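Student: sequence plus the predicted model coming up.
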Amino acid sequence: MILIDDDEDDDVFRLQAEVREILESIRVLKEKLHAAVQSLSRLQKTKVTLENDITVKESSIDIDRRECIGLRKNVAIDPTRGGANFSMPLNGF
């Protein structure tokens, strides 16, 4: 028969409590890792969406520069009337 004194008993309980604490820490860290992985996935999807939006906007700006600037030059702006007076010459159409 093995006799365990009170000091050894206390040590065992402390070790068991420490093991429970470590296991709980592992569980919490796994939850945080899972949440971080999900967040990263959402951020990557958002990045792709934003990059696509930027590409579309750059294309729109390029089309505007090539095709619309010339038309705007023909529109007279009257600041006293709050904007364009829409007296575009029709000679180019």
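Tutor: Okay, I see it. Keep in mind that what you see is a predicted model, and the values were worked out from it rather than measured.
Student: what bits of the protein have low per-residue confidence?
Tutor: Residue ranges of the chain with pLDDT under 70: 1-6, 76-93.
Student: the longest helix in it is where?
Tutor: Taking DSSP state H as the criterion, the chain has its longest helix at helix 6-63.
Student: contacting residues for the residue nearest the centre of the chain?
Tutor: Central residue of the chain (CA atoms, centre = their mean): residue 43, 4.0 Å from the mean position. Residues near residue 43 by CB atoms under 8 Å, 6 or more residues apart in numbering: none. Quick note: C-beta positions are derived from backbone N, CA and C, even for glycine.
Student: how close does it sit to residue 10?
Tutor: Computed as CB to CB, to the nearest Å, the residue 43 to residue 10 distance reads 48 Å.
Student: likewise for residue 67?
Tutor: 84 Å.
Student: same thing with residue 63?
Tutor: Residue 63 is 79 Å from residue 10, by CB to CB.
Student: now do residue 61
Tutor: On the measure of CB to CB, residue 61 and residue 10 end up 74 Å apart.
Student: what's the burial count for residue 9?
Tutor: For residue 9, the count of nearby residues is 10 (other CB atoms under 10 Å).
Student: got the contact list for it?
Tutor: By CB under 8 Å, 6+ apart, no residues touch residue 9.
Student: which of the residues in the helix or strand containing residue 71 are buried?
Tutor: In this structure, residue 71 sits in helix 69-73 according to DSSP states H and E. Judged by neighbour count (16 or more other CB atoms under 10 Å), helix 69-73 contains no buried residues.
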